[in-house]
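Engineer: Here is a sequence together with a model predicted from it:
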Amino acid sequence: MGNRSTVVAIGDDESHLADLTSGLGRKGVRCRSVLFTGDASVVPGCPDVRIIVADLHPRAGVLSSDGSRDLRSDFGTISHLLEDRIRPVGPYCIVLWTMYANEAQALSSFLDRLRTVPRPVVVRALDMAVHLDASGGVRDKDALIGELEALAGGWLCPEGARALAGAWGDIDDREVDALMEEIYASRRRDVGRRLEH
């Protein structure tokens, strides 16, 4: 069964995931947190997801033979999770929770290779260094969620066209017409009366 959460947060630090999930929850946004330690089977199918908050390096400590970060491996893991586990069907964005904010564009280019799912509309970076204290904890949860809201560019607000995008595939044209009539009627305070065209 798929997950109906608007946001899925994937990372290898439970406290960071808890801070993201609780902060978004206070804003009325459902968030599914997934503690990822390399086992892809823990990542649920979430076809209706609109925002994926992902640790850029989901498998901490993976280095190439020369001791540098192995971006192809990290990017490949994210690509695999998108195509084989999450399987988004509508528009979505990725916000990277990372110490390497400059790698967001490289990930976006790498994801051009996606074949079985749409590529993200945008990939942005949420810089860990700005939000973590010396002990590795989130120093200001409200600031973290505020920046996530800014980076997500309105995707966290299920209103108007974004709400319809959030229902991608679940409603047909008649339901959209009925929904729009109900919205207009409720704005005029005469719910239940058909709009004149």
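Structural biologist: In hand now; what should we look at?

Engineer: Kindly report the domain assignment for this structure.
Structural biologist: For the chain, automatic domain parsing gives the domain ranges 7-157, 167-197.

Engineer: Please identify the deepest-packed of those domains.
Structural biologist: Greatest average neighbour count among these goes to domain 7-157 (a mean of 17), per mean count of other CB atoms under 10 Å. Quick note: C-beta positions are derived from backbone N, CA and C, even for glycine.

Engineer: Worst mean pLDDT among the domains of the chain?
Structural biologist: Mean pLDDT values for the domains of the chain show the minimum at domain 167-197, a mean of 59.

Engineer: Which parts of this protein are strands?
Structural biologist: Per DSSP state E, the chain carries strands over the ranges 7-11, 31-35, 51-55, 93-98, 122-127.

Engineer: Please name the bridge partners of the closest residue to Val53 other than its chain neighbours.
Structural biologist: Nearest residue to Val53 in three dimensions, chain neighbours excluded: Ala9, at 4.2 Å (CB to CB, 6 or more residues apart in numbering). Counting by DSSP bridges, Ala9 is bridged to Ser33, Val53.

Engineer: which residues does Ala9 contact?
Structural biologist: 17, 20-21, 31-34, 52-54, 97 (CB atoms under 8 Å, 6 or more residues apart in numbering).

Engineer: same question, Arg26
Structural biologist: Taking CB under 8 Å, 6+ apart, one finds Ile145 in contact with Arg26.

Engineer: at 10 Å instead, please
Structural biologist: By CB atoms under 10 Å, 6 or more residues apart in numbering, Arg26 lies in contact with 141-142, 145.

Engineer: Next: Leu144.
Structural biologist: Per CB under 10 Å, 6+ apart, neighbours of Leu144: 16, 19-20, 23, 97, 126, 128, 130-132, 138.

Engineer: any chance of the residues you listed in a markdown table, with distance to Arg87 too?
Structural biologist: Shown next, in a markdown table, are these (distance: CB to CB, whole Å):
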| residue | distance to Arg87 |
| --- | --- |
| His16 | 24 |
| Asp19 | 27 |
| Leu20 | 22 |
| Gly23 | 26 |
| Trp97 | 21 |
| Leu126 | 23 |
| Met128 | 27 |
| Val130 | 31 |
| His131 | 29 |
| Leu132 | 31 |
| Val138 | 29 |
